[in-house]
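# Here's a sequence, model it:
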Amino acid sequence: MASAAEQLAANLNLSSFAKATELKKRIWFTLGALIIYRLGTYIPVPGVDATVLGQLLQQNQGGIIGMFDMFSGGSLGRMAVFALNIMPYISASIIVQLLSTALPSLEALKKEGEQGRKKLNAYTRYLTVLIALFQAYGLAVGLEHMATKTGTLAVVSPGPFFILSSVITLVGGTMFLMWLGEQITSRGVGNGISLIIFAGIVANLPHALSSLFQLGYTGALSPFFVLLFLVLAGATIAFIVFMEQAQRRVVIQYPKRQVGSRMFGGDSSHMPLKVNTAGVIPPIFASSVLLIPVTISGFMNGKNVPGWVNTLGQEFGQGQPLYMVFYAVMILFFSYFYAAVTFNPEETAENLRKQGGFVPGIRPGSNTARYFDRILSRLTTIGALYLVAVCLLPQILISRYNVPFYFGGTSLIIIVSVTIDTMTQVQSHLVAHRYQGLIRKQRGRGNGKADQARGMRRR
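Take a look at the predicted model:
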């Protein structure tokens, strides 16, 4: 089956975009919002010496802080107003989704439809503010203690006023990005939160490519290795596209029924179950969880820091065994968790039974639910192992050959997944526009025939 991008490439022409005015408005709105986001990553927090901070963060660029800087689009390294980026919102979403499976009251809200979803979104926003306050305060206090080997402080005028202004600025930047992401989702094209992370990664890809070519030019990497790495990167992208589009189609049969002298039904369809049901969510969630303790230890570089804090920061460095183990475990956990949240086998089997549908060879009801659960478990296992392999195997190249961090598996999965999702939504808007055009033509033809009939009667 052709992917959404292939379908769009086959059916797309300039006249389609020229006529789809609603789609053009959504695309322009999305581009405008992303431009605003990129401008905000260059507005610095008052009172921070950007030169000193850049030198300090350069020392930890290869660690988990480098991943945080990647997700923030480089705003952490510049200590911009969007330094926290959207990570507090992602952490709040994780907590709310976990609690919604454990607390009956929150689980009941999920079943209330639109009203329940609005309440859960409100709880997520409130929790985002609390997490952002905590992270902003920790970041501001850590900045006051950051200094170079010569004793130059990263903060020009440390004190309570700097902490207060920094907390307000950073929390305000996170809440603005959360609102901007919601606006992109409702008024633009694609998922707003994912597109914000996507824009931050893509904006730094040219710098990563230039760094790679610079390593080859200076002799740090052989030209053959640079070429081989680019070929492997292309093969990895092709593999990611294949896995993101892979699905298991479960055949659904509907029985025939007789109404009067006519027979209805008897058709068969399929229920597509993706191999990677969770998509890009597990790597992002896993990175967000790992960032919470390690970011604190990364900024606590004073003289009175306990030894275990420094050890923790070193063990969770890029390419370290402890980092890889925890990262893999988090990806596996969130893959199964997100699959269980988004697909309920019992509910799906019950809805299918009410509609009169059944899986050939499987009895409706509990047997169908167990059948769906067995298939989903196998698909989730394959998808989770695929995510672990793609996210962790590039760590060997990054840690051993000093390959630019932006070529990591997590960034490639985010780029490919968000691109596929956005192209799918563009295709959906184009199909809807064409469908509306056909309806208007049919109505025009119907009105024309009615006018002709009225003219004939007058004659």
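# ok but A220 is inside a helix, no?
No: the assignment for A220, made by DSSP: H, G, I helix; E, B strand; the rest coil, is coil rather than a helix.
# Give me the secondary structure label for the residue nearest the centre of the chain.
Taking CA atoms, centre = their mean, the centroid of the chain lies closest to S194, which sits 3.8 Å from it. Secondary structure for S194, judged by three-state DSSP, is helix.
# residues contacting it?
Contact partners of S194, counting by CB atoms under 8 Å, 6 or more residues apart in numbering, are V280, I414, S417, V418, D421. The C-beta positions use only the backbone N, C-alpha and C, and glycine is treated the same way.
# Next, count neighbours for the fourth one.
Spelled out, it's V418. Look at V418: counted by other CB atoms under 10 Å, it has 23 neighbours.
# helix or strand for it, which one?
helix 409-458 (DSSP states H and E).
# model confidence over that helix, on average?
Averaging pLDDT along helix 409-458 gives 70.
# Which parts of the chain are strands?
Taking DSSP state E as the criterion, the chain contains strands spanning 247-253, 256-259, 262-265, 268-274.
# Closest to S157 out of the contacts of S194?
I414 (37.7 Å; CB to CB).
# list the contacts for the nearest residue to the closest one once chain neighbours are set aside?
Spatial nearest neighbour of I414, chain neighbours left out: V280 (5.2 Å); criterion: CB to CB, 6 or more residues apart in numbering. With contact taken as CB under 8 Å, 6+ apart, V280 is in contact with S194, I413, I414, S417, V418.
# Turn those into JSON lines, columns for distance to I201.
What follows is these, written out as JSON lines (distance: CB to CB, whole Å):
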{"residue": "S194", "distance to I201": "11"}
{"residue": "I413", "distance to I201": "10"}
{"residue": "I414", "distance to I201": "6"}
{"residue": "S417", "distance to I201": "12"}
{"residue": "V418", "distance to I201": "9"}
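# Could you single out the nearest of those residues to V226?
I413 (22.5 Å).
# dump the residue contacts of the closest one.
Contacts of I413 by CB under 8 Å, 6+ apart are I240, V280, P283, L387, V390, C391.
# shaky segments in the protein?
Low-confidence segments of the chain, defined by pLDDT under 70: 1-19, 54-74, 147-151, 256-266, 291-319, 396-408, 433-459.
# List of residues touching stretch 326-333?
Outside stretch 326-333, the residues that reach it (CB under 8 Å, 6+ apart) are 282-283, 285-287, 289-290, 316, 384, 387-388, 391-392.
# Just the buried residues of that stretch, please?
F326, Y327, A328, M330, I331, L332 (16 or more other CB atoms under 10 Å).
# Show me how far that stretch is from its chain's centre.
Using CA atoms, centre = their mean, to the nearest Å, the mean C-alpha position of stretch 326-333 is found 17 Å from that of the whole chain.
# that older thread, could you list which of the contacts of I413 belong to helices?
I240, P283, L387, V390, C391 (DSSP state H).
# For T128, see how far away the last one is.
Looking back up the chat, that one is C391. C391 is 25 Å from T128, where distance means CB to CB, to the nearest Å.
# cool, the third one as well?
Note on L387: its distance to T128, by CB to CB, is 25 Å.
# of those two, who's got more company?
L387 (28 against 24).
# Against A278, how distant is the residue lying closest to the more buried one once chain neighbours are set aside?
Spatially, and ignoring its direct neighbours in sequence, L387 is nearest to I331 (5.1 Å; CB to CB, 6+ apart). In this view, I331 and A278 are 9 Å apart by CB to CB.
# Name the residues of stretch 378-395 that are buried.
For stretch 378-395, by 16+ other CB under 10 Å, it's 379-380, 383-384, 386-392, 394-395.
# What of stretch 202-213?
Neighbour-count burial for stretch 202-213 [16+ other CB under 10 Å]: V202, A203, N204, A208, S211, L212.
# Tell me, how many residues neighbour V96?
Counted with other CB under 10 Å, V96 comes out at 18.
# I'd like the numbering to begin with 17 instead of 1 from here.
In the new count, where the first residue is 17, that last one comes out as V112.
# Tell me the spacing between it and L146.
Taken as CB to CB, the span from V112 to L146 is 12 Å.
# ok so, going back, and the buried residues of stretch 342-349 as CSV, adding distance to P174?
Listed next are these as CSV, based on distance: CB to CB, whole Å:
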residue, distance to P174
F342, 34
Y343, 35
A344, 40
M346, 35
I347, 39
L348, 43
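# Out of these, flag the one nearest to V266.
L348 (24.1 Å).
# how many neighbours does V97 have?
22.
# Once you drop chain neighbours, what's closest to it?
That would be G189: by CB to CB, 6+ apart, it lies 3.9 Å from V97.
# and that neighbour, what does it touch?
Here G189 is in contact with G56, A96, V97, F98, A99, L100 (CB under 8 Å, 6+ apart).
# Now do it against L69, distance only.
Taken as CB to CB, the span from G189 to L69 is 16 Å.
# got it, and N360?
47 Å.
# more neighbours, the two?
Higher neighbour count among N360 and L69: L69, with 21 against 15, using other CB under 10 Å.
# Can you tell me how far that one is from R379?
64 Å.
# likewise G295?
In terms of CB to CB, G295 sits 32 Å off from R379.
# Which one's more surrounded, these two?
G295 (23 against 11).
# burial measure for E366, as a count.
Neighbourhood size, E366 [other CB under 10 Å]: 16.
# Same question for P298.
Neighbour tally, P298, other CB under 10 Å: 28.
# Over to the one 5 residues further on?
Per other CB under 10 Å, the neighbour tally for S303 reads 23.
# Check whether it really touches T426, as I assumed.
Yes: the pair S303 / T426 is scored as a contact, 6.5 Å apart, by CB atoms under 8 Å.
# Contact partners for the nearest residue to S285 once chain neighbours are set aside?
Leaving aside its sequence neighbours, S285 sits nearest to I268 (CB to CB, 6+ apart; 5.1 Å). By CB under 8 Å, 6+ apart, I268 lies in contact with S284, S285, H286, M287, L368, G373, F374, V375.
# What is the burial count for the first one?
It refers to S284. With other CB under 10 Å as criterion, S284 counts 10.
# go on, the fourth one?
Counted with other CB under 10 Å, residues neighbouring M287 total 16.
# how far away is the nearest residue to it once chain neighbours are set aside from P361?
What sits nearest to M287 in space, not counting adjacent residues and going by CB to CB, 6+ apart, is V266, at 4.5 Å. Here V266 is placed at a distance of 11 Å from P361 (CB to CB).
# Please apply the same query to F45.
38 Å.
# Hmm, G232 is touching S238, no?
Yes: at 7.2 Å, G232 and S238 qualify as touching, with contact defined as CB under 8 Å.
# quick one: which of the two has more around it?
Neighbour count, other CB under 10 Å: between G232 and S238, G232 has more, with 16 against 11.
# Next, count neighbours for the residue lying closest to V267 once chain neighbours are set aside.
Excluding the flanking residues, the one nearest V267 by CB to CB, 6+ apart is H286, at 5.5 Å. For H286, the count of nearby residues is 11 (other CB under 10 Å).
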